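# The sequence isn't on hand, but the structure is:
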């Protein structure tokens, strides 16, 4: 049995099926379900599946720095909280700025200044207060600029971790995406261990290709062993495509995150 709460994205698996059927497949596999833009979905139909929804997009438009964009992010976060109530979803995910349908920033922001970081932290303090009032947690996700999200501000895990730590609220946590971090930073085990006090969930996919563990260069069983050895028992979510059969992808994901021997235990690899 995995020591973690395992989840998977209904946006990226079983994509030949209607969304409600994807959700049922993931739920039948014993996984929490994650979705993206809730505005395009039939929320009552999703709720009727009885699945456990763990994460969803927590805003519709806006950004962290510009005052008008920050106000828009907070306004649409209020709407997202109402949607989360329908699904019983505890975590709502945000990024450094609004993204279009291709994952590109609506307003590119290549260079982040110290003033930008201060403005972003103030916006995230407001977001955390909103989450506290509604009993929900917002998560700030790191992205990568090199492959998927060029021009996005606050993309590196180093930056998102610093912002979450500066706000220091249980209602704002880090969504540590290891696919993006491998492309942008690497050194994943040390990154995980440094970030754990502020982590709300961890997302995974392999590099290159953004498919399930075992299809690329990341040795995820080693990452899983380090997490288990550090006492992490929270959410690990597959946010990746299936290289072939989605059911097989889920099996590979589950196997990678069911470490046989935690780091530090007798017989563990150094």
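Yep, that arrived. Computed from a prediction, not measured in an experiment: that's the story for all the values here.

# Please count neighbours and contacts with C-alpha atoms only from this point.
Noted.

# Can you tell me the element residue 236 falls in?
Secondary structure assignment for residue 236, by DSSP states H and E: strand 235-238.

# Show me what that strand is packed up against.
strand 5-9, strand 199-204 (3 or more Cα pairs under 8 Å, 6 or more residues apart in numbering; DSSP states H and E).

# As TSV, those strands with mean neighbour count, distance to residue 46 and mean pLDDT would be great.
TSV is the format used below for the helices and strands packed on strand 235-238 (neighbours: other Cα atoms under 10 Å; distance: least, Cα to Cα, whole Å; pLDDT from 0 to 100):
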stretch	mean neighbour count	distance to residue 46	mean pLDDT
strand 5-9	25	14	98
strand 199-204	23	22	98
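
# With distance to residue 248 added, can I get those strands in a markdown table?
Formatted as a markdown table, the helices and strands packed on strand 235-238 follow (distance: least, Cα to Cα, whole Å):
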| stretch | distance to residue 248 |
| --- | --- |
| strand 5-9 | 13 |
| strand 199-204 | 16 |
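
# looking at those, which is closest to residue 71?
Closest of these to residue 71 is strand 199-204, at 23.9 Å (criterion: Cα to Cα).

# From what I see, residue 26 and residue 12 are in contact.
No - look at residue 26 against residue 12 with Cα atoms under 8 Å: they stay out of range, at 11.4 Å.

# When those two are compared, which one has more neighbours?
residue 26 (23 against 18; other Cα atoms under 10 Å).

# Please report how far the more buried one lies from residue 102.
25 Å (Cα to Cα, to the nearest Å).

# right, and the helix or strand after the strand holding residue 236?
Next along from strand 235-238, by DSSP H and E: helix 246-256.

# so what does that following helix touch, helix or strand wise?
helix 220-229.

# Direction-wise, compare the helix it packs on with strand 199-204 and give the angle.
160 degrees (axes from the mean of the first three to the mean of the last three Cα atoms, to 10 degrees).

# helices or strands up against helix 220-229?
helix 188-195, helix 246-256.

# mind putting those helices in CSV, mean neighbour count and distance to residue 2 included?
What follows is the helices and strands packed on helix 220-229, written out as CSV (neighbours: other Cα atoms under 10 Å; distance: least, Cα to Cα, whole Å):
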stretch, mean neighbour count, distance to residue 2
helix 188-195, 17, 18
helix 246-256, 18, 7
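
# Would you format the ones you listed as CSV with mean pLDDT and distance to residue 162 included?
As requested, the helices and strands packed on helix 220-229 are exported to CSV (pLDDT from 0 to 100; distance: least, Cα to Cα, whole Å):
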stretch, mean pLDDT, distance to residue 162
helix 188-195, 98, 9
helix 246-256, 98, 29
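
# Tell me which of those sits nearest to residue 211.
Short answer: helix 246-256, nearest of the helices and strands packed on helix 220-229 by Cα to Cα, at 8.0 Å.

# ok, and what's touching the closest one?
2, 6, 13-14, 212-214, 220-221, 224, 238, 242-243 (Cα atoms under 8 Å, 6 or more residues apart in numbering).

# do the same with stretch 92-102
55-64, 80-81, 84, 105-107, 136-142, 152-155, 175.

# one more time with 6 Å, if that's ok
55-58, 61-63, 105-106, 138-141, 153-154 (Cα atoms under 6 Å, 6 or more residues apart in numbering).

# Same check on stretch 143-153?
96, 103, 104, 105, 108, 109, 110, 155, 180, 184.

# Pull out the buried residues from it.
By 16 or more other Cα atoms under 10 Å, the buried positions in stretch 143-153 come out as 143, 144, 145, 149, 150, 151, 152, 153.

# those strands in the stretch 51-200 of the chain, which residues are they?
Using DSSP state E, counting those that start in this stretch, the strands of the stretch 51-200 of the chain run over residues 53-57, 91-94, 137-141, 172-177, 199-204.

# will you turn those strands into CSV that also has distance to residue 188?
Below are the strands of the stretch 51-200 of the chain laid out as CSV (distance: least, Cα to Cα, whole Å):
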stretch, distance to residue 188
strand 53-57, 22
strand 91-94, 21
strand 137-141, 15
strand 172-177, 10
strand 199-204, 11
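
# quick one: which of those is nearest residue 162?
That would be, of the strands of the stretch 51-200 of the chain and by Cα to Cα, strand 172-177, which comes in at 9.7 Å.
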